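Trainee: just a sequence and a predicted model for now, questions to come.
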Amino acid sequence: MDQLIHDQLSQISVATITMQLLKKGIRNTWMSGVKPLNHPVKRLLGEAYTLRFVPFREDLVSLDKLASLDNAQRRAIEEATAGGVLVIDGRGVSDIAVLGDILIERLKVRGVAGLVTDGGIRDLEECRASGLTLYAAGAAAPASLVGHSPAEVQCVVGCGGVAVVPGDVIVGDGDGIVVIPAHLAGDVARDGVEQERFERFAKMKVSGGAPAYGTYPPNDQTKAEYQDWIRDGEPKF
């Protein structure tokens, strides 16, 4: 990811990003049921590396096959990009874990920025202690092989009701996770910074007694006042 884009996205909220994507015609971008699990909440930003689970089938999964070099789950742990985000399609099943503390520790040691899944995480307190940034459906004790078969890495997946393409930009904060199509990341970052600058101005006006009507969204007078405020160095009211 370009450093300027990274720095700009680091400044803006998930809520702002969803609005920018909406303005660009992309509506389904916020993951449902995927919550921040660190205390306090840890912000997340990185490019997606994906893992897809399918429903359990006995000839695809066994305890013996966990050690196979072809096991997609184990591949994901060893191949997920440093600085990136491992996004796991847990099929929206919150009562089965997709990972536990040992594999979470491995992700942390390898420099992966965080984990996002619409499934559960087992050994949750140990996973939190690792320091890895975690967004998931919640805690779940049963291991993945109770109901999942690891199928494929670096493919298009569904997570929290959102399509995720490898290389998409993942952003998380206290409002949850948003997915930015890679080709829109620069525009979203630039326009999001400007959106939040105007919103700081509008909030100061409302705090000072201005009505929402004519301020947010702005009428011509508010737009002119906003430009004056920028020229004056963005002073606090």
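Mentor: Sure, I can see it.

Trainee: any regions of the chain where pLDDT drops low?
Mentor: Along the chain, the parts satisfying pLDDT under 70 run over 62-67.

Trainee: at 90 instead, please
Mentor: Low-confidence regions of the chain, defined by pLDDT under 90, span residues 1, 57-70, 145, 236-237.

Trainee: tell me where it has strands.
Mentor: 35-36, 44-55, 85-89, 97-99, 114-117, 120-121, 133-136, 138-139, 148-153, 157-159, 162-164, 169-173, 176-180 (DSSP state E).

Trainee: who are the packing partners of the last one?
Mentor: Going back to what we said before, that points to strand 176-180. helix 14-23, strand 162-164, strand 169-173 (3 or more C-beta pairs under 8 Å, 6 or more residues apart in numbering; DSSP states H and E). Every C-beta, even on glycine, is put in place using the N, C-alpha and C of the backbone.

Trainee: show me what contacts the residue of the chain most remote from its centre?
Mentor: Relative to the centre of the chain, the most outlying C-alpha is that of residue 221, 37.2 Å out, by C-alpha atoms, centre = their mean. If a contact means C-beta atoms under 8 Å, 6 or more residues apart in numbering, then residue 221 has residue 214 as its contacts.

Trainee: and it, how far from residue 169?
Mentor: Distance, residue 221 to residue 169, by C-beta to C-beta, to the nearest Å: 36 Å.

Trainee: how about the helices and strands packed on strand 176-180 in TSV, adding mean neighbour count?
Mentor: Output for the helices and strands packed on strand 176-180, formatted as TSV (neighbours: other C-beta atoms under 10 Å):
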stretch	mean neighbour count
helix 14-23	20
strand 162-164	19
strand 169-173	25
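
Trainee: which one of the ones you listed lies closest to residue 118?
Mentor: Nearest to residue 118, of all the helices and strands packed on strand 176-180, is strand 162-164, at 9.1 Å by C-beta to C-beta.

Trainee: what's the end-to-end length of stretch 178-192?
Mentor: Taking C-alpha to C-alpha, to the nearest Å, stretch 178-192 runs 13 Å from one end to the other.

Trainee: that one: how far from the chain's middle?
Mentor: Mean-position distance between stretch 178-192 and its chain equals 13 Å (C-alpha atoms, centre = their mean, to the nearest Å).

Trainee: could you list the buried residues of it?
Mentor: Judged by neighbour count (16 or more other C-beta atoms under 10 Å), stretch 178-192 contains these buried residues: 178-181, 184-186, 188-189, 191-192.

Trainee: closest one to residue 208 among the helices and strands packed on strand 176-180?
Mentor: With C-beta to C-beta as the yardstick, what comes closest out of the helices and strands packed on strand 176-180 is helix 14-23 (22.5 Å).

Trainee: surely residue 134 touches residue 114?
Mentor: Yes: when contacts are counted by C-beta atoms under 8 Å, residue 134 is listed as touching residue 114 (6.7 Å).
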